[in-house]
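1. Return atomic coordinates for the entry below.
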Amino acid sequence: MSFDIEHMATLARLRLSADEKERLSDQLGTVLEYIEKLKELNTDDVEPTAHVLGLSNVFREDEPAQTPLAVHNPISDSPAHDKGHYEVPQVL
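-> Just a heads-up that it's a prediction; the model follows:
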């Protein structure tokens, strides 16, 4: 099992001490044993779900507004403009 820990540490770009490798090896072994127990369960009559809670979309329906927003021309608000362009001081 230590080879698997070293390989995973390399993939995760982790440097582990010998104590950490031993501790993680024991923990990974415990997790894998639990997964094996879960594999023994009969799930034939269980529907697959994406989430354990029956969540539904809580947003309102997207409906068009009664009147469209007016298009605003920001150039008309500028202090200096000409023919649809901003006028700025010349920079040399």
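
2. pLDDT score assigned to residue 2?
-> Reported pLDDT at residue 2 in the predicted model: 48.

3. ah, wrong one, I meant residue 30
-> Reported pLDDT for residue 30: 90.

4. and what of residue 68?
-> Residue 68 is given a pLDDT of 68.

5. for the one 3 residues further on, same thing?
-> We note a pLDDT of 71 for residue 71 in this prediction.

6. what's the answer for residue 54, then?
-> pLDDT at residue 54 comes out at 73.

7. swap in the one 10 residues further on?
-> In this model, residue 64 is scored at 77, pLDDT.

8. and if you look at residue 10?
-> 90.

9. Could you do residue 46 as well?
-> Predicted confidence (pLDDT) for residue 46: 84.

10. Over to residue 26?
-> The model reports residue 26 with a pLDDT of 86.

11. Could you report the neighbour count for it?
-> 12 (other C-beta atoms under 10 Å). In short, each C-beta sits where N, CA and C put it, glycine included.

12. tell me the secondary structure for it?
-> helix (DSSP: H, G, I helix; E, B strand; the rest coil).

13. Please tell me how far it sits from residue 59.
-> Per C-beta to C-beta, to the nearest Å, residue 26 is found 46 Å from residue 59.

14. Once you drop chain neighbours, what's closest to residue 9?
-> The shortest distance from residue 9 to any non-neighbouring residue, by C-beta to C-beta, 6 or more residues apart in numbering, is to residue 16 (4.9 Å).
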